[in-house]
Structure formats: C-alpha cells, structure tokens
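In: what follows is a predicted structure for the sequence shown.
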Amino acid sequence: MPSCSPDCCLLQAVEIVKIFSEDGMGKVVEIPADMTAKDLCQLLVYKSHCVDDNSWALVEHHTLLGLERCLEDHELVVQVQASMNSDSRFLFRKNFAKYEFFRNPQTFFPEHMVAWCQETNRMIPPSQLLQNFLATSSCPEIQGYLYVKEVGRKSWKKVYMFLRRSGLYCSTKGISKEPRHLQLLADLEDSNIYTVITSKKQHGAPTDYEFCIKPNKGRGELKELRILCAEDEQGRTCWMTAFRLFKYGIVLYQNYKIPQQRKTLLSHFSTPVRSVSENSLVAMDFSGRIGRVIDNPVEAQSAAMEEGYAWRKRSQRMNVLGSHSPLHHSSLSSVIHIAQLWFHGRITREESHRIIHQQGQADGLFLLRVSQSNPKAFVLTLCHHQKIKHFQILPCEEDGQVFFSLDDGATKFTDLIQLVEFYRLNRGVLPCKLRHPCTVVAL
C-alpha cells in the first residue's frame with residue numbers, strides 16, 4: 001500500500017464546519033481537526049472584525065430537541081460535531097457569564113445548596129469555596145430538590161438530589177444520602193448539560209427553569225434525556241455550573257486564566273485597547289494642566305453630573321446657533337443611537353429576555369429597545385443577580401429642548417448614547433452599572 005505524502009495528510013486533517021450567527025446566516029469555514037472552540041472563536045472574531053473581549057462562545061444548538069450549551073474553550077470542535085444530529089448546528093454569539101462564577105462564586109453557589117456549607121454551619125470565603133470545587137482531594141456536593149420528568153411519561157416528580165464528582169444521584173428516601181438510598185441518574189464523564197430553550201408547555205414543566213443531561217454517545221432521542229427543572233434561576237444556574245466544575249475541574253480555571261495572562265503580557269508591549277468592561281471606564285478630571293483619575297466615588301459622581309450639565313449647555317448653544325436642517329441636533333439626537341450595538345429597536349419584552357438569557361445573565365448585561373407601551377419612550381433592559389429588570393426612559397422637555405431621563409427628570413441627557421455612557425460610569429438609580437452591551441453580530 002503506497003505511503004501517504006505529507007501534503008495528503010495535511011489535507012485529510014482539514015474539516016468543514018458551518019457556523020451560524022443569530023440572524024440565521026451561516027458561514028462555512030475549514031478548520032484543522034485539532035482546533036478548539038476557543039481557537040475557532042478567535043478565528044471568527046478576526047474574520048467578522050469583532051471586538052475581541054474574550055466573551056465570544058461557540059454554542060451547540062439542537063433544534064428538534066430544543067437544547068443548547070456553550071462549548072468549553074478546550075473542547076475539539078470536530079469531535080463535538082461528530083456527535084451532533086443532522087438538525088443540530090453551531091452558533092456564534094456572546095456569553096458574558098461563562099466564567100463569572102470565578103469572579104463572584106457566592107452568587108452562583110448559595111449556602112443552602114452546598115453540602116460543605118451546611119455541615120460546617122459557617123460562611124466560606126469565596127476563594128476556599130472555589131478551591132473545594134477544583135481540588136480533586138475534596139468532596140464538595142450540591143444538594144436540593146429538583147423536578148424530574150419521568151421517562152416516557154408527561155408527569156414530573158419532585159426528588160431530593162445530590163451532585164458529586166461521580167455523578168447526579170436522587171434519594172429514594174426523603175433527603176437521605178445513605179448509599180443504599182441513592183440512585184444514579186447521570187454520569188458526568190459521559191454526559192453534557194444543556195439549557196432547555198423551548199417553552200415549559202412542551203414538556204409540561206412545573207417551572208420555567210428547565211435543564212437537561214444528555215449522554216454523549218446517544219442517538220439524540222427524547223427518551224435518552226434526563227430533563228430536570230429547578231425552582232428558580234439561581235437554582236438552575238447553581239446545578240449547571242457545578243456540573244461543569246465537577247466534570248472539567250482545574251481545566252475550566254485554566255481556560256479562564258489564559259486570556260487574563262495574555263492580556264497582562266500584551267500590556268507590557270503595547271498600548272491597551274479599550275475594553276468593553278467597566279474596569280476600563282474611570283472618571284477623569286481634565287481641569288488642570290494634566291488629566292488625573294478621580295478615585296473618590298463621591299467626587300466622581302459629582303464630576304459626571306457636571307459633565308452631564310455641560311453636554312446639555314453645549315447642545316442648547318447648538319440649537320440657538322444652528323438652523324432647522326435635516327441634521328439639526330433635535331433630529332440627530334432621536335436617531336443617533338440606531339447604529340449602536342446595544343440598541344435592538346422594536347423588539348418585545350419577551351425577546352429582550354431571550355437575548356439576555358442567551359448572552360449569559362451576567363451582572364450589568366443590558367440592551368435598549370423601543371417601548372411597546374409608549375412609542376416616544378425607550379426601555380433599558382438590565383440583568384442583575386440573575387434577574388432581568390426593565391427601566392423606562394422617558395423624553396422630557398426643558399426650554400424647548402428634548403432630553404431623555406430614566407429617573408423622572410432628575411438626570412437628563414440629550415441623547416441615548418450620553419445616557420448609556422453616564423450609567424456605565426455611575427450606577428445612579430440602577431442596581432448596578434451598565435457593563436456588557438448585548439451584541440448581535442452577522443458573520
């Protein structure tokens with residue numbers, strides 16, 4: 001049998017993958033067989049001219065089953081594609097909460113669900129909480145009630161569950177964790193965890209917080225799935241995050257740290273690119289000969305308010321001196337936001353919830369949309385502590401000039417761009433600062 005030439009081997013190692021963006025458009029790319037999800041995201045960011053802020057993700061989406069999950073950065077794309085059905089596809093989109101649990105673990109792991117917290121009966125430092133999940137020598141455990149869909153039936157059963165490194169178990173006798181009372185429901189090593197994206201009516205679920213454990217080597221049939229349901233979003237997030245930590249352990253932490261280390265390394269050789277995170281947005285004072293960073297939060301808020309008033313005065317002078325042309329400031333301020341990535345136009349309240357859910361439900365994740373109840377108003381949709389809140393932005397008139405405000409006129413802005421920039425620096429009446437704009441990018 002003739003030997004294979006190096007060029008032939010190289011061609012055999014290239015695979016075809018089709019990636020879809022959220023607008024339904026697809027892009028075919030050739031990738032090497034050993035390309036990871038992280039590397040493919042980097043390639044798509046480069047080809048699509050996106051901002052590389054380490055928040056992009058490759059999503060495994062199953063249309064008929066109504067399931068999806070974000071691939072871990074280290075997973076091989078070709079291997080995942082080989083296990084997918086013909087109706088499944090890869091999506092390219094943002095996921096700001098992918099590693100948020102490393103930054104704020106206590107939000108993701110409430111005390112009443114962590115067995116180690118219950119047994120010690122004391123608060124655990126965030127660093128030690130994560131160490132327990134990452135260290136193979138420790139035996140952390142997530143516990144609590146979940147609804148389980150009975151196989152082949154439409155009914156659901158409320159059962160006390162335990163999630164360990166060895167798998168997901170249910171207790172056959174109340175909340176007992178004795179070995180003779182535990183029944184293995186799913187093995188972590190041979191399974192993956194997915195969010196159920198269809199409405200709860202499809203499975204007759206008792207709540208909206210469904211998730212699912214799907215075996216890797218199955219045929220993708222509904223009867224193979226373990227469909228579960230939590231009482232609230234925090235509970236669902238806790239179970240799903242713990243599953244990832246138990247399954248991948250220290251590899252997840254390495255995935256999280258690599259971009260941080262790369263950013264630190266690059267900062268020594270080049271001027272840092274402005275990030276979309278709030279860490280790069282600081283209050284500055286340019287009243288002196290040189291600029292300075294304002295560290296005092298009270299002074300920073302005062303400076304931001306003064307800058308807001310300065311914007312208004314400048315716009316008023318423009319109105320006095322300018323003419324009523326198509327580019328008049330009052331007309332410009334009503335449309336200038338349309339090109340912004342965070343503005344999503346006339347979408348419904350439910351659609352804004354779907355977008356926030358898809359992009360990770362991280363604190364400060366936001367978008368702006370046109371109000372459905374008041375066509376002259378806008379709505380800021382913001383995520384905080386895994387809850388989605390809506391704030392109406394109303395137009396208000398002063399001295400013949402139209403301003404926008406979300407605090408009943410206490411703070412006014414000439415356009416929505418100024419409003420967004422202000423609340424990225426200042427929390428104001430909001431529960432948190434605006435951090436991550438929901439972005440939909442076409443490939």
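Out: Received it, and whenever you're ready, just let me know what you need.

In: residues in contact with residue 197?
Out: The contact partners of residue 197, taken as CB atoms under 8 Å, 6 or more residues apart in numbering, are 66, 67, 68. All C-beta atoms are positioned from the backbone trio N, CA, C, and that covers glycine.

In: correct me, but the first one touches residue 198?
Out: Right, the one you point to is residue 66. Yes. Counting by CB atoms under 8 Å, residue 198 is a contact partner of residue 66 at 3.4 Å.

In: so those two - more neighbours on which side?
Out: Taking residue 66 and residue 198 together and counting by other CB atoms under 10 Å, residue 66 has the greater number of neighbours (18 against 13).

In: show me where the stretch 101-250 of the chain has its helices.
Out: 105-108, 115-120, 126-134, 233-248, 250-267 (DSSP state H, counting those that start in this stretch).

In: at the geometric centre of this structure, which residue sits there?
Out: residue 360 (1.8 Å; CA atoms, centre = their mean).

In: the closest residue to it other than its chain neighbours: neighbouring residues, count only.
Out: With sequence-adjacent residues excluded and distances taken as CB to CB, 6 or more residues apart in numbering, residue 360 is closest to residue 97, at 3.1 Å. Burial of residue 97 is recorded as 23 neighbouring residues (other CB under 10 Å).

In: pull up the distance across stretch 14-33, start to finish.
Out: 6 Å (CA to CA, to the nearest Å).

In: please, which helix or strand holds the closest residue to residue 70 other than its chain neighbours?
Out: Once flanking residues are discounted, residue 70 sits nearest to residue 57: 4.4 Å by CB to CB, 6+ apart. Residue 57 belongs to strand 56-62 when assigned by DSSP states H and E.

In: in this structure, where's the longest strand?
Out: When the chain is parsed with DSSP state E, its longest strand is strand 387-398.

In: what are the buried residues along it?
Out: Neighbour-count burial for strand 387-398 flags 388, 391, 393, 394 (criterion: 16 or more other CB atoms under 10 Å).

In: what is the next helix or strand after it packed up against?
Out: With elements assigned by DSSP H and E, the helix or strand that comes after strand 387-398 is strand 401-405. The elements that strand 401-405 packs onto, with contact taken as 3 or more CB pairs under 8 Å, 6 or more residues apart in numbering; DSSP states H and E, are helix 297-321, helix 329-333, strand 387-398.

In: neighbouring contacts of the last one?
Out: By CB under 8 Å, 6+ apart, the residues outside strand 387-398 that reach it are 233, 349, 352-353, 356, 361, 368, 371, 374, 376-383, 402-406, 408-409, 412, 416, 419, 429-431.

In: adjacent strands (with direction) for it?
Out: Sheet pairing for strand 387-398, assigned by DSSP bridges, gives strand 378-384 (antiparallel), strand 401-405 (antiparallel).

In: adding mean pLDDT, mean neighbour count and distance to residue 342, write these out as JSON lines.
Out: What follows is those, written out as JSON lines (pLDDT from 0 to 100; neighbours: other CB atoms under 10 Å; distance: least, CB to CB, whole Å):
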{"stretch": "strand 378-384", "mean pLDDT": "96", "mean neighbour count": "22", "distance to residue 342": "9"}
{"stretch": "strand 401-405", "mean pLDDT": "90", "mean neighbour count": "19", "distance to residue 342": "14"}
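
In: got CSV for those, with distance to residue 179 too?
Out: Output for the strands paired with strand 387-398, formatted as CSV (distance: least, CB to CB, whole Å):
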stretch, distance to residue 179
strand 378-384, 41
strand 401-405, 61
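
In: out of these, nearest to residue 177?
Out: When the strands paired with strand 387-398 are compared by CB to CB, strand 378-384 sits nearest residue 177, at 34.4 Å.

In: quick one: that closest one to chain centroid distance?
Out: 15 Å (CA atoms, centre = their mean, to the nearest Å).

In: give me the contacts around that strand.
Out: 349, 352-353, 356, 361-371, 388-393, 404, 406, 416, 423, 430-432, 434.

In: among the residues you listed, which lie within helices?
Out: 349, 352, 353, 356, 416, 423 (DSSP state H).

In: and the strands in the stretch 51-200 of the chain?
Out: Taking DSSP state E, counting those that start in this stretch as the criterion, the stretch 51-200 of the chain contains strands spanning 56-62, 67-70, 88-94, 142-149, 156-164, 167-171, 182-186, 191-196.
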